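Novice: just a sequence and a predicted model for now, questions to come.
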Amino acid sequence: MKSRVAWVLALALAVGACQEAPAAPPKPAPAPARARSKDVSAEDYVMPGLPRAHVRLKDAYGGVHRVEVEVAATGDARTRGLMWRKSLPAGQGMLFLFPEEEVRGFWMRNTLIPLDMLFITSEHRIVGIIENAEPRTLANRSVGIPSQYVLEVPGGWCQANGIVRGGAVEFEGVSTIPIAP
């Protein structure tokens, strides 16, 4: 009798071991990644990193001020500019490079901070400055004189540092950056 009970127990254990374990609850599907905008002016657009360089500006008193800049040398980079930035420290800015000299106009669409805009000729002279451009506006800002480069710095920076029309400008690290139309 004992052997029969042992045999029945062994058989029950063997059958139980062969049964499939209950399935684990299915894992929830991962949330789909939110698609990033392809519109370069959209807040969630991810802009590739821009080249960096320096601009040296001579002030009205003979001093020199060095500005660290991101260089916008492509159509997308020039369109995006400083949109959606919440701050821009003194001594930093963005330098826009264009293939040729012509009368330029800039707007402040989606730009959250006031900026000074310096329009610079191909001979590296400042031909005009728009000071403290009002954020989030579509007004066309131009000095009406041809320029090949535009430097944007924090609003009020030019006045605080004595930067005026006619001043000389030097670029450091810009000559090797290709300019796209």
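Specialist: That came through fine. Here the structure is a predicted model, which is why all the values come from computation and not from measurement.

Novice: what's the distance between stretch 69-87 and the middle of its chain?
Specialist: 6 Å (C-alpha atoms, centre = their mean, to the nearest Å).

Novice: over to it now: how far is its first residue from its last?
Specialist: The first residue of stretch 69-87 is 14 Å away from its last residue (C-alpha to C-alpha, to the nearest Å).

Novice: ditto for stretch 51-62
Specialist: Stretch 51-62 has an end-to-end distance of 29 Å (C-alpha to C-alpha).

Novice: list the contacts for Val71?
Specialist: Counting by C-beta atoms under 8 Å, 6 or more residues apart in numbering, Val71 makes contact with Leu50, Pro51, Arg52, Ala53, Ala77, Met94, Leu95, Leu97, Val174, Ile177. Where you see a C-beta, it was placed from the backbone N, CA and C, and this is true even at glycine.

Novice: and for Gln159?
Specialist: Shown in contact with Gln159 (C-beta under 8 Å, 6+ apart): Asp116, Glu131.

Novice: give me the next element, helix or strand, following the helix or strand where it lies.
Specialist: Using DSSP states H and E, Gln159 sits in helix 157-161. Next helix or strand after helix 157-161 toward the C-terminus (DSSP H and E): strand 169-172.

Novice: ok, and for the strand of greatest length in the chain, which residues are buried?
Specialist: Secondary structure of the chain per DSSP state E: the longest strand is strand 92-102. Buried residues in strand 92-102, counted by 16 or more other C-beta atoms under 10 Å: Gln92, Gly93, Met94, Leu95, Phe96, Leu97, Phe98, Glu101.

Novice: which residues of the chain fall in helices?
Specialist: 2-18, 75-80, 157-161 (DSSP state H).

Novice: what is the end-to-end distance of stretch 136-154?
Specialist: So stretch 136-154: terminal residues 15 Å apart, C-alpha to C-alpha.

Novice: middle-most residue in this protein, spatially?
Specialist: Ranked by distance to the mean C-alpha position of the chain (C-alpha atoms, centre = their mean), the top residue is Met47 at 5.2 Å.

Novice: many thanks, have a good one.
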